[in-house]
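Novice: What follows is a predicted structure for the sequence shown.
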Amino acid sequence: MITWDEINLKGKVSGTIKTTCPVCSSSRKKQKEPCLSVNIDKGLAKCWHCEEIGIRDYKESKEYDLPDQEWRNYTKLQNKTVKWFAERGISQSTLIECKITEEKHYQPAAQKEMNNIVFNYFEGDTLINKKYRSGQKHFTQEKNAKKIFYGINDIIGEKECYIVEGEMDKLSFWEIGIKNCISVPNGANDTSNYFESCEKYMSDIERFFIAVDMDDQGRKLEQDIIKRLGKHKCSRVNFKNKDANDDLIESKLLLEESVKNKTIYPVDGTFTASNILDDILSLYRNGYEQTISPANNFSEFSKSFSVIPGQLTTVTGIPSHGKSSFIEWYVLNMVNDLGKKVSFYSPEHFPMSLHQSTLIEKVTGKSFMHRNNRVSELSISKYSEWSENKIYLTVPEKAILPDWDWVFNKFEEQIFRYSIDLFVIDAWNKVKLKTGTLTEMNEVLARLTLFCQMHNVNIFLIAHPTKMRKNEETGKFQIPTLYDVKGTGDFYDQTHNGLTVYRDFEEGFTKVIVTKIKFRHQGKQGSEIIFNFDDDSGRFYESGSIADRDNWLKEKTQSSIPYDGFDADVGF
């Protein structure tokens, strides 16, 4: 490990430099050769000669607890432990280099202390976490440990990175000479914590190779990683067996061949049918890509409208007809029913406390203020806990009108850190255009659709129409379409899906019209679904159904048990 204070920064206080390595330069013939790459802003350094790394000023966060830092390198593993690893293709030299240890530790599942193999998580020289596995297949780790990738030191200064689903897979890659590999710590479970913790180590990586398991959970994790990093930076490693270690057990040559078998995700370029034949056959055998829609409260609407991840949906309607409120209710149901995460960019709903109050009403089914059916302070506290990792508000820190570059950068950051699935932009005219020309508007719409496709997310864009005319016979405003959106008629052409929200105040109902769908299996273009509006809760309910006043916070969701990254059939 390189001590930061010993690095010659050449008087620089920012930027990237190349300098001599304080660890190995003095013993080399070319003592002045700049073999050390230093990113001063991030506080990271790596020597390309001795492969030592340096991290500046690691500070322990008060949010996490660290294991005992008196590092005890138990390199003398029991013969049966070494044999167990050897049966899985992992050599003793790999165990030593990757700091695999063995010690007695209390296993809660067995309610006693027993011998364990230990995967030690380092960040620089700091031991961040220890994961224990007993011979009886019991698993545990340090309490309140910071979540980081296993092997994070091994990608510092690298331009390419392999991402696997378990520590054994990381060791398998090491066995075939690939060291720039990291493992997720919790399998296919929520990835937000460790992506956020390791952002500075990954931001300069130019190419990611996703090498997770070839099962349903692995595919779920694969999609989450793609969403965070972007298809354009990722390729998929395809294994013959379930994972890297299974291929290694069969033969080292097989794993090496699997690593060469990479699939590039199609974001741009030119393709023929032969390039995507597997995808075509999969579509033929398994049917169209599954659409998503709320499981409850939209039974009739879902027959006429649903979305596919990677799509832009534009929603228009006459001002004060409830288009913002309807979309809030729609995406909140997707959050509650499908486990999605949403980010709202809604300057029209400022201040944030006022916007949260409308969301609280929809989640609890109660009024926030001044009515008999008023939400309690306890429910507000419960909502705060429930929404913590589900609902995010996007607001500029200064009183400025952000431009589209700011919005795209912020959304990319939120995808990387929090794995957001749904974005609501309310409204189009609340994001600054540089010139306001039709060409610029069309470019922004194209960027929005491409952003959805690259990150496999959904954006709901609220767009106000131009000044509407009244029907001479009825005296009511004409119902707008996507062609009536203020600014450009290309909203219909550019967006994947379109909705119009229209409220008939005399009759007391809200009509939602499907003005466009991208694919036929998503619904029925031209459909009109009637909703009634509950003024107390801000919820919409389909005509003919009873107003839903259920408080979502009363339902206790079953907490999932974090996956440790070990396979259930592993034992020693």
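Specialist: Arrived safely.
Novice: use CA for all of it now, contacts and neighbours both
Specialist: OK.
Novice: So in the chain, which helix runs the longest?
Specialist: Assignment by DSSP state H gives helix 438-455 as the longest helix of the chain.
Novice: residues in contact with that one?
Specialist: Applying Cα atoms under 8 Å, 6 or more residues apart in numbering, the contact partners of helix 438-455 are 226-232, 267, 309-312, 404, 433-434, 457-459, 487-488, 490-491, 494-496.
Novice: Now which of those would you call buried?
Specialist: Neighbour-count burial (16 or more other Cα atoms under 10 Å) applied to those gives 226-232, 309-312, 404, 433, 457-459, 487-488, 490-491, 494-496.
Novice: Just the ones of these in strands?
Specialist: Residues of the buried ones among the contacts of helix 438-455 located in strands (DSSP state E): 312, 458-459.
Novice: Out of these, the closest to residue 515 would be?
Specialist: Minimum distance to residue 515 across those is 13.5 Å, recorded for residue 312 (Cα to Cα).
Novice: The closest one contacts residue 492, correct?
Specialist: No: contact criterion Cα atoms under 8 Å: residue 312 and residue 492 do not qualify, at 11.1 Å.
Novice: Tell me the pLDDT of the residue nearest to residue 403 when sequence neighbours are not counted.
Specialist: The spatial neighbour of residue 403 that comes closest, neighbours along the chain excluded (Cα to Cα, 6 or more residues apart in numbering), is residue 432 at 4.3 Å. With respect to pLDDT, residue 432 scores 91.
Novice: Next, residue 210: phi, psi?
Specialist: phi -80, psi 120 (degrees, to the nearest 10).
Novice: the helices in the stretch 151-300 of the chain, which residues?
Specialist: Using DSSP state H, counting those that start in this stretch, the helices of the stretch 151-300 of the chain run over 167-175, 192-197, 199-202, 216-229, 244-250, 252-260, 277-286.
Novice: and stretch 78-96, C-alpha only, in CSV?
Specialist: Coordinates of each C-alpha in stretch 78-96 appear next as CSV, following Å, rounded to 0.1, in the frame of the first residue of the first chain:
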residue,chain,number,x,y,z
GLN,A,78,-6.5,-26.4,7.3
ASN,A,79,-5.8,-29.1,4.8
LYS,A,80,-9.5,-29.9,4.4
THR,A,81,-10.2,-26.2,3.7
VAL,A,82,-7.5,-26.0,1.0
LYS,A,83,-8.8,-29.3,-0.4
TRP,A,84,-12.4,-27.9,-0.5
PHE,A,85,-11.3,-24.9,-2.5
ALA,A,86,-9.1,-27.1,-4.7
GLU,A,87,-12.1,-29.2,-5.6
ARG,A,88,-13.7,-26.0,-6.9
GLY,A,89,-10.7,-25.1,-9.0
ILE,A,90,-9.2,-22.5,-6.5
SER,A,91,-5.5,-22.9,-5.8
GLN,A,92,-3.7,-22.2,-2.5
SER,A,93,-1.8,-19.3,-4.1
THR,A,94,-5.0,-17.6,-5.1
LEU,A,95,-6.3,-18.0,-1.5
ILE,A,96,-3.2,-16.4,-0.1
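Novice: Please identify the nearest residue in space to residue 346, excluding sequence neighbours.
Specialist: Leaving aside its sequence neighbours, residue 346 sits nearest to residue 426 (Cα to Cα, 6+ apart; 4.7 Å).
Novice: Let me know the pLDDT of the one you found.
Specialist: Listed pLDDT for residue 426 reads 91.
Novice: For it, give the beta-bridge partners.
Specialist: Following DSSP bridges, residue 426 is listed with bridge partners residue 462.
Novice: That one is in contact with residue 463, isn't it?
Specialist: Yes: when contacts are counted by Cα under 8 Å, residue 426 is listed as touching residue 463 (7.5 Å).
Novice: So for those two, which residue has more residues nearby?
Specialist: Using other Cα atoms under 10 Å as the criterion, residue 426 and residue 463 rank with residue 463 on top: 27 against 23.
Novice: Show the contacting residues for the more buried one.
Specialist: Counted by Cα under 8 Å, 6+ apart, residue 463 has contacts 314-317, 426-429, 485-486.
Novice: likewise residue 1?
Specialist: Going by Cα under 8 Å, 6+ apart, the list of residues near residue 1 reads 52-54, 124-125.
Novice: So residue 301 sits against residue 529, correct?
Specialist: Yes: checked against Cα under 8 Å, the pair residue 301 and residue 529 is within contact range at 6.3 Å.
Novice: Give the helix, strand or coil label for the nearest residue to residue 66 once chain neighbours are set aside.
Specialist: Computed as Cα to Cα, 6+ apart, the closest residue to residue 66 that is not its neighbour in sequence is residue 128, at 5.6 Å. Three-state call for residue 128 (DSSP: H, G, I helix; E, B strand; the rest coil): strand.
Novice: dump the residue contacts of residue 128.
Specialist: Counted by Cα under 8 Å, 6+ apart, residue 128 has contacts 66-67, 120-122, 145-146.
Novice: which one of those has the most neighbours?
Specialist: residue 121 (25 neighbours).
Novice: Confirm that residue sits in a strand?
Specialist: Yes: remark: residue 121 belongs to a strand, assigned using three-state DSSP.
Novice: how far away is the residue sitting furthest away from the middle of the chain from residue 507?
Specialist: Residue distances from the centre of the chain (Cα atoms, centre = their mean) peak at residue 473, which lies 51.3 Å from the mean C-alpha position. According to Cα to Cα, to the nearest Å, residue 473 stands 16 Å off from residue 507.
Novice: And residue 429, by the same measure?
Specialist: For residue 429, the distance to residue 507 equals 30 Å [Cα to Cα].
Novice: In terms of neighbours, single out the busier of the two.
Specialist: residue 429 (13 against 7).
Novice: so what's the spatially closest residue to the more buried one that is not a sequence neighbour scoring on pLDDT?
Specialist: Distance criterion Cα to Cα, 6+ apart; nearest residue to residue 429, sequence neighbours excluded, is residue 463 at 7.3 Å. Per-residue confidence (pLDDT) for residue 463: 92.
Novice: Residue 257 too?
Specialist: The model reports residue 257 with a pLDDT of 95.
Novice: now swap in residue 75 and tell me
Specialist: What the model reports as pLDDT for residue 75 is 63.
Novice: shouldn't residue 195 be in contact with residue 419?
Specialist: No: the criterion here is Cα under 8 Å, and residue 195 misses it with residue 419 at 9.2 Å.
Novice: More neighbours: those two, which one.
Specialist: residue 419 (28 against 22).
Novice: Just to be sure, which of the contacts of residue 463 are found in strands?
Specialist: Taking DSSP E, the ones among the contacts of residue 463 that sit in strands are 314-316, 426.
Novice: and which of the residues you listed is nearest to residue 156?
Specialist: Lowest distance from residue 156 to those (Cα to Cα) belongs to residue 426, with 39.3 Å.
Novice: OK, contacts around that closest one?
Specialist: The neighbourhood of residue 426, defined by Cα under 8 Å, 6+ apart, consists of 324, 344-348, 461-463.
Novice: Pipe those into JSON lines and attach distance to residue 200 per row.
Specialist: Output for these, formatted as JSON lines (distance: Cα to Cα, whole Å):
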{"residue": "324", "distance to residue 200": "36"}
{"residue": "344", "distance to residue 200": "25"}
{"residue": "345", "distance to residue 200": "25"}
{"residue": "346", "distance to residue 200": "29"}
{"residue": "347", "distance to residue 200": "30"}
{"residue": "348", "distance to residue 200": "33"}
{"residue": "461", "distance to residue 200": "31"}
{"residue": "462", "distance to residue 200": "34"}
{"residue": "463", "distance to residue 200": "36"}
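Novice: Just the buried subset of those, please.
Specialist: Counted by 16+ other Cα under 10 Å, the contacts of residue 426 give 324, 344-347, 461-463 as buried.
Novice: Following the helix or strand of the chain with the lowest mean pLDDT in sequence, what is the next regular element?
Specialist: Of all helical and strand segments in the chain, the minimum by mean pLDDT, DSSP states H and E falls on helix 277-286, at a mean of 69. Following helix 277-286 in sequence order, the next helix or strand is helix 301-304 (DSSP states H and E).
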